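>>> Give me the fold of what follows.
(chains A, B, C, D, E and F)
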There are 4 protein chains.
Amino acid sequence: MRKRDDEKEKSIKQAVVRLTLEEGFHGTSISKIAKVAGVSPATVYTYFDSKEMMLQDIYREYSEEICHFVLSRVHYGMNDRQLIEGLIRSYYDYIEANQEIFSFIDQFSNSPSLVGGCSEIEGFVKIKMLVADLKDREIIKNYHHENVLAMIVQPVKAIAANSSKTKAEKADLLHEMIGMIQSTLLIKET
Amino acid sequence: MRKRDDEKEKSIKQAVVRLTLEEGFHGTSISKIAKVAGVSPATVYTYFDSKEMMLQDIYREYSEEICHFVLSRVHYGMNDRQLIEGLIRSYYDYIEANQEIFSFIDQFSNSPSLVGGCSEIEGFVKIKMLVADLKDREIIKNYHHENVLAMIVQPVKAIAANSSKTKAEKADLLHEMIGMIQSTLLIKET
Amino acid sequence: MRKRDDEKEKSIKQAVVRLTLEEGFHGTSISKIAKVAGVSPATVYTYFDSKEMMLQDIYREYSEEICHFVLSRVHYGMNDRQLIEGLIRSYYDYIEANQEIFSFIDQFSNSPSLVGGCSEIEGFVKIKMLVADLKDREIIKNYHHENVLAMIVQPVKAIAANSSKTKAEKADLLHEMIGMIQSTLLIKET
Amino acid sequence: MRKRDDEKEKSIKQAVVRLTLEEGFHGTSISKIAKVAGVSPATVYTYFDSKEMMLQDIYREYSEEICHFVLSRVHYGMNDRQLIEGLIRSYYDYIEANQEIFSFIDQFSNSPSLVGGCSEIEGFVKIKMLVADLKDREIIKNYHHENVLAMIVQPVKAIAANSSKTKAEKADLLHEMIGMIQSTLLIKET
DNA sequence: AATGAATGAGCTTTCATTCAT
DNA sequence: CATGAATGAAAGCTCATTCAT
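Sure thing, here's the model as predicted:
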C-alpha cells in the first residue's frame, strides 16, 4: 500500500493558492489545480472530499497560520505602543510575504456561500482574547472589541492591497497608519 | 448592437446583483441571469458585449452610485464632526439599504483579474478631492490621502458585514466607530 | 430564433433505445447517445432536463405506444377466443417488430430506482379497465385483475425473449401458449 | 490471485446484492461495494478477475441457490397438485425471503450484454429435466417445455414484484394463481 | 431587437482498474 | 494476501457564446 504523501497534499494546496491569485477564484478549476500540482484530477479527491471542502480546508489552515504568525510577534515584554505596532506590522508583513495566501483568504472570506459552511477559526478566538486582555489591563481604550479589531485589521489591508505604490511608499503609509491607530486606541499618550 | 430598452437593461443588472448575493459570484451564469431577468440569454448580449464587460459595467455604475450618494449627503454647511459623520454614516446607510449591491461591489473589487480591466471610477476621484479639500481647509490632520480614506471606508465595512449582530447593536458600534475616527482625523478637539 | 426540432428529439430517443439494446442500460451514456443521434451532448439537455427525466419520458411514451397498439387490435366484433388471442398476439407482434423498444421498456421497469419516480401510465389503466369489462361481461373467469393480467402479459414475454429459437419455432410456442391461456381464462369452453 | 478467506468473498457478494437493491444496478460501483463489504477496492480483485466476472459469478451462484431451493421442496411423495403448488410456492417463498437476491438476479437477467457471457446454469437444466419427467409420467399436459416453464415461473414474479399490495393480499393472489396454473397444466381434474 | 436552439469547451466528480508497499 | 494511493477515461451536466429565425 502506497502511503499518504503529505508533499502531494501540500503541492495541491499551493496550486490552489497560486491559481487563485493569478486567475481569480473563477479560474481555479480542479483540472488546472491538478495540472499545476503535478497530479491527476482524480488524485485531488483522495486528499479532499470535494472542491468546497478543499477550499475550506485551505482557508482554515492559512487563517490559523496568519493568526499564529501575528500572535507569535507580540509578547509581554512589549510596551503599549509596541503592542499595537507589533500586531499591525506583523499582519502587514505576513500579507507582503504571502500575497497569494492573503489574496486567497480575502477572496474566500468575501464569498458568503463558502464562508458559511466553515467552522470558527481558533486563531481568531485567540486574537479576540488578546484584545480583551489589552482592555482589561487598561492599555487600550474601552471600545467594543469589534471596533478595536476592525481598526487594527481593516485599514492595513487597504495599504497592502494598493498595487500602485512602491514598497517604500507603502512602508511610509504603514508607519503613519500605525501612528494613527495607536493614538486612536491607546490610553497612555506617550 | 447597443441599447434600446432601458427597462430590460435595468432588470438584467438587478438579476446579476441579486444572484450574486444569493448564490455567490460563482452561481451567476448568463442563463440564470437571463431567467431571473425574464429575457433570453441571447438578449443579454444585445446590451453587453461579454460577461466580463457586463460585470465591469455594473461595478462601475453602482460604484458611481455609491459615491454620488455619499457625496450628496455632505455639504458645506456642516461642521467638522458632522462632515466625518456624514461620510461614514451615509456609506453605512447605503450598504444597509442595498446589501445586494454592496455584496456585488465587494466581491468584484476582491477579484484582481476583474478589477484589473476596469477604468478609474469617477466618484472615487471626487471623494479623493473632497479629502484633499478637507486637508487644505485644515479640518482633518495632514495624513496621506490614502490613509484618511482607508480610515473612513474600511472599518465601517466590517461593521456592515457583521451578520451576527442585530441592527441596533450595529448602530451602537457605528456610533462608537464614528467617534473613534473623528478623534483620529479631526484637528479641532471639540 | 431557431425552432424546436421534433426530428431531433425523435432521433435522440431512438439513439437511447438502440444503445440500450446493443450495450445494455449501462453503456447508454449521454455522449454516446449524442454521437448516435448526431447532436452535441449539450443539445440533449435542451430537450430533456436530466438523463433520468429523459429515460422516464421515453419509458412513458413507448409504454403508451404499446398499450395503444395492443388496444387498437381488439374490438367489440371479436368473439371470446379472438379477444384473448388478439391481446396476446398483438403484444407479441409489437415486441417482435420493436425489439429495441421492448428491451428498453423491460430493463427500465426492472430498475426500481427509475420506475419509482414515474407517474402512472395511462394505457395501463385502459388495459386494466378492459380486463374489468371482460369480467363484467362474463367472458373471462372471475380471477383477480392482477392475475388475469399477469397471465396475459408475462408468459408471452418469455417466448419473445427466447433468442435460441427460430421465428417459426416461436410462432409455434406462441400458438400453443395462446391456447393454454384461453383455456385458463375463458368461461365458455368452445 | 485466487481465494482464501471465504468470509470476505461472502461479504463482497452480499454487498453487491444489497447495493443493487438499494441503488439499482447503476449505483453499484467497486468502491461502494468495497466500502460496504469492509475491504479495500483492490481486495475485490483478489477474489474476482473483473467486475463483469464478479457479477456473473454472483448471478450463477444465486441462480443455482434458487434452483436448489425450489427443487428441495418438491419430492416424489407429492401428488400432482402438490407438485405444481410446491414449485410455484417455493419460488415465491424464496423471492419473498430474499428480495435483494431476486432483485439482483432479475436485473441481471434483463441485461442482454451481461447475460450473454454467462454459461448455462446447472439448476435450470435440472428443473427442465423435472418438467420433462412430469410430462413423461403424464402428470402435466403435453405442452412444450418452454411454455410449461414460462407458465410456472413468469406470473408468480409479477405477484412478488407488486409493491402496492400487502403480504396478505399477495398471499391471496398467489393462492388463486396456483389454482389457475394447476388447472392449465395438470391432466387429472381432481 | 429579440429569441430559443445549439454547441465546443469545460466543469466537478466517479469509474474500474493497477501500483507500490 | 491485503491495502490505500493513484490514474486515464469517462460520467452527467453547465458554461459563455453564437446562430438562424
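
>>> could you say which helix or strand contains the closest residue to A:V36 other than its chain neighbours?
Nearest non-adjacent residue to A:V36, counting by Cβ to Cβ, 6 or more residues apart in numbering or on different chains: A:A15, 3.8 Å away. Every C-beta, even on glycine, is put in place using the N, C-alpha and C of the backbone. Using DSSP states H and E, A:A15 sits in helix A:6-23.

>>> Quick one: mean pLDDT for the helix or strand just after that helix?
For helix A:6-23, the succeeding helix or strand toward the C-terminus, using DSSP H and E, is helix A:30-37. Throughout helix A:30-37, pLDDT has a mean value of 97.

>>> re earlier: ok, the helix holding A:A15 near DNA strand F or not?
Yes - residues of helix A:6-23 contacting DNA strand F under Cβ under 7 Å from any atom of the strand: A:K8.

>>> Contacts for that helix next, please.
A:27-28, A:32-34, A:36-39, A:43-44, A:47-48, A:54-55, A:57-58, A:61-62, A:99-101, A:103-104, A:107, B:112-113 (Cβ atoms under 8 Å, 6 or more residues apart in numbering or on different chains).

>>> swap the cut-off to 6 Å and go again
Identification of contacts with helix A:6-23 by Cβ atoms under 6 Å, 6 or more residues apart in numbering or on different chains yields A:28, A:32-33, A:36-37, A:47, A:58, A:100-101, A:103-104, B:113.

>>> Just the angle for it relative to helix A:30-37, thanks.
Angle between the axes of helix A:6-23 and helix A:30-37 is 120 degrees (criterion: axes from the mean of the first three to the mean of the last three Cα atoms, to 10 degrees).

>>> looking at chain A, which helix or strand is least sure?
Within chain A, no helix or strand scores below helix A:112-116, which has a mean of 84 by mean pLDDT, DSSP states H and E.

>>> picking up where we left off before, could you identify the most distant pair in the contacts of helix A:6-23?
Distance extremes for the contacts of helix A:6-23: the farthest pair is A:Y47 and B:S113 at 26.2 Å, using Cβ to Cβ.

>>> Show me how to select, in ChimeraX, the buried members of the contacts of helix A:6-23.
A single ChimeraX command is used to select the members of those judged buried by 16 or more other Cβ atoms under 10 Å in any protein chain shown:
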select /A:28,32,33,36,37,47,58,100,101,103,104
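
>>> Identify, from the contacts of helix A:6-23, the entry nearest to B:G179.
For those, the nearest to B:G179 is A:S103 (33.0 Å; Cβ to Cβ).

>>> Not counting its neighbours along the chain, what's nearest the closest one?
In space, A:S103 is closest to A:L21, 4.7 Å off (Cβ to Cβ, 6+ apart).

>>> How about A:I30?
The nearest residue in space to A:I30 (Cβ to Cβ, 6+ apart) is A:P41, at 5.3 Å.

>>> so who does the one you found touch?
Listed by Cβ under 6 Å, 6+ apart, the contact partners of A:P41 are A:30-31, A:34.

>>> returning to what we had before: is the helix holding A:A15 up against DNA strand E anywhere?
No - using Cβ under 7 Å from any atom of the strand, we find that helix A:6-23 stays clear of DNA strand E, coming within 9.4 Å at best.

>>> buried set for the longest helix along chain A?
Ranked by residue count and defined by DSSP state H, the top helix of chain A is helix A:51-72. By 16+ other Cβ under 10 Å, the buried positions in helix A:51-72 come out as A:54-60, A:62-63, A:66-67, A:69-71.

>>> Check stretch A:79-98 too.
Using 16+ other Cβ under 10 Å as the test for burial, stretch A:79-98 gives A:80-81, A:83-92, A:94-95, A:98.

>>> Among those, which ones are in helices?
Residues of those located in helices (DSSP H): A:80-81, A:83-92, A:94-95.

>>> Using TSV, lay out those residues together with distance to DNA strand F and pLDDT.
Putting those into TSV (distance: Cβ to the nearest atom of the strand, whole Å; pLDDT from 0 to 100) gives the following:
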residue	distance to DNA strand F	pLDDT
A:D80	49	93
A:R81	49	94
A:L83	44	96
A:I84	44	96
A:E85	44	97
A:G86	40	97
A:L87	39	97
A:I88	39	98
A:R89	39	98
A:S90	35	98
A:Y91	35	98
A:Y92	35	98
A:Y94	30	98
A:I95	30	97
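
>>> And those, which is closest to chain C?
A:I95 (42.4 Å; Cβ to the nearest Cβ).

>>> Just confirm that closest one contacts A:I101, I think it does.
No - A:I95 is beyond contact range of A:I101, at 8.5 Å (criterion: Cβ atoms under 6 Å).

>>> mind checking how far the residue sitting nearest the centre point of chain A is from B:N147?
Nearest to the mean C-alpha position of chain A, by Cα atoms, centre = their mean, lies A:I66 at 4.6 Å. A:I66 is 22 Å from B:N147, where distance means Cβ to Cβ, to the nearest Å.

>>> Output the below-cut-off pLDDT ranges for chain A.
Counting by pLDDT under 70, chain A contains low-confidence residues at A:190.

>>> Break chain A down into its structural domains.
Here the domain parsing of chain A from automatic domain parsing is A:1-48, A:61-185.

>>> okay, how far is it across the last one, tip to tip?
Spelled out, that is domain A:61-185. This stretch, domain A:61-185, spans 30 Å end to end (Cα to Cα, to the nearest Å).

>>> Not counting residues beside it along the chain, what's closest to A:S119?
Leaving aside its sequence neighbours, A:S119 sits nearest to A:R60 (Cβ to Cβ, 6+ apart; 7.7 Å).

>>> Please report how far that neighbour lies from chain D.
Separation of A:R60 from chain D (Cβ to the nearest Cβ, to the nearest Å): 27 Å.

>>> do the same with A:E9
A:E9 is 20 Å from chain D, where distance means Cβ to the nearest Cβ.

>>> what's the offset of stretch A:63-77 from the middle of its chain?
11 Å (Cα atoms, centre = their mean, to the nearest Å).

>>> Next, give phi and psi for A:L186.
As for A:L186, its main-chain torsions (degrees, to the nearest 10) stand at phi -80, psi 150.

>>> ok, now how distant is the residue nearest to it when sequence neighbours are not counted from A:R137?
Leaving aside its chain neighbours, A:L186 sits nearest to A:D80 (5.3 Å; criterion: Cβ to Cβ, 6+ apart). Distance of A:D80 to A:R137, computed by Cβ to Cβ: 9 Å.

>>> and what of A:A37?
Separation of A:A37 from A:R137 (Cβ to Cβ) stands at 46 Å.

>>> cool, A:V70 as well?
19 Å.

>>> Which elements pack onto the helix or strand containing A:Q182?
Using DSSP H and E, A:Q182 maps to helix A:167-185. Here helix A:167-185 touches helix A:80-97, helix A:145-161, helix B:145-161, helix B:167-185, going by 3 or more Cβ pairs under 6 Å, 6 or more residues apart in numbering or on different chains; DSSP states H and E.

>>> Surely A:S164 forms part of a strand?
No - assignment of A:S164 by DSSP: H, G, I helix; E, B strand; the rest coil gives coil, placing it outside any strand.

>>> which residues does A:I178 contact?
Neighbours of A:I178 in contact, by Cβ under 6 Å, 6+ apart: A:85, A:88.
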